[in-house]
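[1] Following is a predicted model, sequence given first.
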Amino acid sequence: MDDFRRIADVLAAEITSGRLRPGERLPPQRQFARRHGIAGSTAARVYGELIRRGLAVGEVGRGTFIRAAAPFSEPALAEPARARVDLELNFSMPPEQPALLAESLGGMLRPDVLADALAPMGAAGTPAVREAAAAMLSRPGWIPGPGRLLIAGNGRQAIAAALAALVPAGDRLGVEELTYPLVKGIATRLGITLVPLAMDDHGVLPDAIRSAGPLRAVYLQPTLHNPLGVTMPERRRAEIAATLRELGIHAVEDGIYAFLHEDRPPLAAFAPEHVILVDSLSKRVAPGLTVGFAVTPAAIGDRVASALRSGGWTAPRFAVEAATRWLTDGTVAALREIKRRDAAARQGLVREHLAEFAVEADPQAFHCWWRLPDPWRADTFVAAAARRGIAVTPGAAFTVVTAHAPNAVRLALSAPPPGTLATALATLAALARSVPEDTEVE
């Protein structure tokens, strides 16, 4: 057996027996190496093995700690939280939404209409949904051609199809150093290697793309980045577009939150021949009955359509017909305005209850990024919040390199009723003002 695995087994036994306690900090790797008479590289592999087994967590600038809570049994942000207050998933369901949606769907119950809605359909969808989606996605100075749209079952499936079309198995995809967790799962299943790209306050850095080595494509969230809430200014978008043209690669632009922040054109407007824009109705409407959209460059539209078909990621026609009605009768536009006001109000609650902390948030977003105060660590804070019935997402869920997790949590704000959200934020604020040892006394 490799030396590093044998040493990791010894530490794992100490964790199981309680000799190493949850939250305990392991010594710096150089000190650990001297103590055990091993090379520094071997110590690094020992710590990496503990992280891989879910027994420890590494945090940037702080060290490696024994995990305070069991790792997720399913991918982060994949399923609704079991806690009483879900601040993990963003799914806004305002009270007036069911009535608005029901009114649009009433006519679909006619036998002749229902017969059409239950017929098969391909990746191109229908002319009506392409026209309606193109109008919805339009921005000042940019209107996508309906012929460039493809229809997926949801936004995740549109992302999967775009990545499958662009990046062969075994090849490299650049992503922001903090990225949408489910992209990590998609990449694993497609055999794609993720390469983290450095960011600043304006989003991913063009030089990070150039210096990353050979990339087949990049996946980016230019508007209301998840989890940071960053929105790229137009100048940065133009610089990224120029970089894509310079390197001859494509980008998958995730525009899922852009309906909350539509004051600038998408990245696709700056390099339409190099960008696949992906969006869906899951945030605008509801995750339970949604469709996804991919605006594709003409040269690769057939490849993306083929990936949608072969992956089983095309949309059911019933959902497409429902979406078409919601898009054309003004329902989606009405919900957009309701949800914009709701997001702004919820950010007001964040400012009210977390004003004393290092919270980063766009005032138009449904999420915020909280850099935790000392002596809290994200892993311990998540566990303590869970004991109070509140589910939050640790920064490690968004990292590409798990050993370099930021000491932060993301709060998704859209799911609980406003009163419940306010109480949860007040509870988390009180928790952050305490110290971890205090939380053991219930």
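    Yep, it's here. This structure is a prediction, so every number in the text was calculated from the model and none was measured. Residues are numbered from 1 along each chain as shown.

[2] List the buried residues in stretch 96-108.
    For stretch 96-108, the neighbour count (16 or more other C-beta atoms under 10 Å) marks 97, 100-101, 104 as buried. Every residue, glycine included, has its C-beta placed from N, CA and C.

[3] what's the closest of these to Gln29?
    The nearest member of the buried residues of stretch 96-108 to Gln29, counting by C-beta to C-beta, is Gln97 at 51.5 Å.

[4] In this structure the closest one contacts Arg336, no?
    No: under the criterion of C-beta atoms under 8 Å, Gln97 makes no contact with Arg336, lying 11.5 Å away.

[5] Redo the buried residues of stretch 96-108 as JSON lines? Include distance to Asp9.
    As requested, those are exported to JSON lines (distance: C-beta to C-beta, whole Å):
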{"residue": "Gln97", "distance to Asp9": "52"}
{"residue": "Leu100", "distance to Asp9": "58"}
{"residue": "Leu101", "distance to Asp9": "55"}
{"residue": "Ser104", "distance to Asp9": "59"}
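
[6] List just the nearest of those to Arg84.
    When those are compared for distance to Arg84 (C-beta to C-beta), Gln97 comes out closest, at 22.0 Å.

[7] Please identify the helix or strand for the residue nearest to the closest one when sequence neighbours are not counted.
    Nearest residue to Gln97, sequence neighbours excluded (C-beta to C-beta, 6 or more residues apart in numbering): Leu335, at 6.3 Å. Assigned by DSSP states H and E, Leu335 falls within helix 331-353.

[8] distance of the closest residue to Ile15 other than its chain neighbours from Ile390?
    Counting by C-beta to C-beta, 6+ apart, Ile15 lies nearest to Leu55, which is 5.5 Å off, once chain neighbours are set aside. Using C-beta to C-beta, to the nearest Å, Leu55 is found at 25 Å from Ile390.

[9] Which parts of the stretch 1-150 of the chain are helices?
    3-17, 29-36, 40-52, 97-105, 111-117, 127-137 (DSSP state H, counting those that start in this stretch).

[10] would you turn those into JSON lines with mean pLDDT and distance to Tyr219?
    Listed next are these as JSON lines, based on pLDDT from 0 to 100; distance: least, C-beta to C-beta, whole Å:
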{"stretch": "helix 3-17", "mean pLDDT": "82", "distance to Tyr219": "32"}
{"stretch": "helix 29-36", "mean pLDDT": "85", "distance to Tyr219": "31"}
{"stretch": "helix 40-52", "mean pLDDT": "83", "distance to Tyr219": "24"}
{"stretch": "helix 97-105", "mean pLDDT": "88", "distance to Tyr219": "30"}
{"stretch": "helix 111-117", "mean pLDDT": "81", "distance to Tyr219": "33"}
{"stretch": "helix 127-137", "mean pLDDT": "97", "distance to Tyr219": "18"}
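
[11] and those as CSV, adding distance to Pro394?
    Converted to CSV, those look like this (distance: least, C-beta to C-beta, whole Å):
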stretch, distance to Pro394
helix 3-17, 19
helix 29-36, 22
helix 40-52, 13
helix 97-105, 30
helix 111-117, 42
helix 127-137, 33
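
[12] So for Leu425, which of those helices sits nearest?
    Nearest of the helices of the stretch 1-150 of the chain (C-beta to C-beta): helix 97-105, 23.1 Å.

[13] Could you check how far Ser306 is from Ile300?
    From Ser306 across to Ile300, the span is 10 Å (C-beta to C-beta).

[14] Between the two, tell me which one has more neighbours.
    A direct count of neighbours by other C-beta atoms under 10 Å for Ser306 and Ile300 places Ile300 higher, at 17 against 14.

[15] I figured the more buried one hits Ala161, correct?
    No: using C-beta under 8 Å as the test, Ile300 is too far from Ala161 to be in contact (11.1 Å).

[16] Let me see the contact set for the residue nearest to Ile209 when sequence neighbours are not counted.
    Once flanking residues are discounted, Ile209 sits nearest to Thr243: 5.2 Å by C-beta to C-beta, 6+ apart. Neighbouring residues of Thr243 by C-beta atoms under 8 Å, 6 or more residues apart in numbering: 206, 209-210.

[17] mind redoing it with 10 Å?
    Contact partners of Thr243, counting by C-beta atoms under 10 Å, 6 or more residues apart in numbering, are 204-210, 218, 249, 251, 271, 274.

[18] what about Ala268, neighbour count?
    When neighbours are defined as other C-beta under 10 Å, Ala268 has 27 of them.

[19] Please report how far it lies from Arg351.
    33 Å.

[20] for the helix-or-strand element of the chain with minimal mean pLDDT, packing partners?
    When the helices and strands of the chain are scored by mean pLDDT, DSSP states H and E, strand 56-59 comes last with a mean of 75. Counting contacts by 3 or more C-beta pairs under 10 Å, 6 or more residues apart in numbering; DSSP states H and E, strand 56-59 is packed against helix 3-17, helix 40-52, strand 63-66, helix 378-387.

[21] swap the cut-off to 6 Å and go again
    Counting contacts by 3 or more C-beta pairs under 6 Å, 6 or more residues apart in numbering; DSSP states H and E, strand 56-59 is packed against strand 63-66.

[22] Could you list the residues in contact with the strand it packs on?
    15, 20, 22, 24-26, 47, 56-58, 377 (C-beta atoms under 6 Å, 6 or more residues apart in numbering).

[23] if you set the cut-off to 10 Å instead, what comes out?
    Residues contacting strand 63-66 (C-beta under 10 Å, 6+ apart): 11, 14-15, 20-29, 32, 44, 46-48, 50-51, 55-59, 377-380, 403.

[24] From these, list the buried ones, please.
    Buried members of the contacts of strand 63-66, scored by 16+ other C-beta under 10 Å, are 11, 15, 20, 22-23, 26, 29, 32, 44, 46-48, 50-51, 55-59, 377-380, 403.

[25] Sketch out the low-pLDDT regions of this structure for me.
    Within the chain, the segments meeting pLDDT under 70 span 1-2, 59-61, 68-83, 402-403, 437-442.

[26] Okay, the closest residue to Leu149 other than its chain neighbours and Ala123: tell me how far apart.
    Closest residue to Leu149 apart from its sequence neighbours, by C-beta to C-beta, 6+ apart: Arg130 at 4.6 Å. Separation of Arg130 from Ala123 (C-beta to C-beta) stands at 11 Å.

[27] Please enumerate the shared neighbours of the two.
    Common neighbours of Arg130 and Ala123 (C-beta under 10 Å, 6+ apart) are 149-151.

[28] Pipe the residues you listed into a markdown table and attach distance to Asp171 per row.
    Formatted as a markdown table, those follow (distance: C-beta to C-beta, whole Å):
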| residue | distance to Asp171 |
| --- | --- |
| Leu149 | 26 |
| Leu150 | 22 |
| Ile151 | 26 |
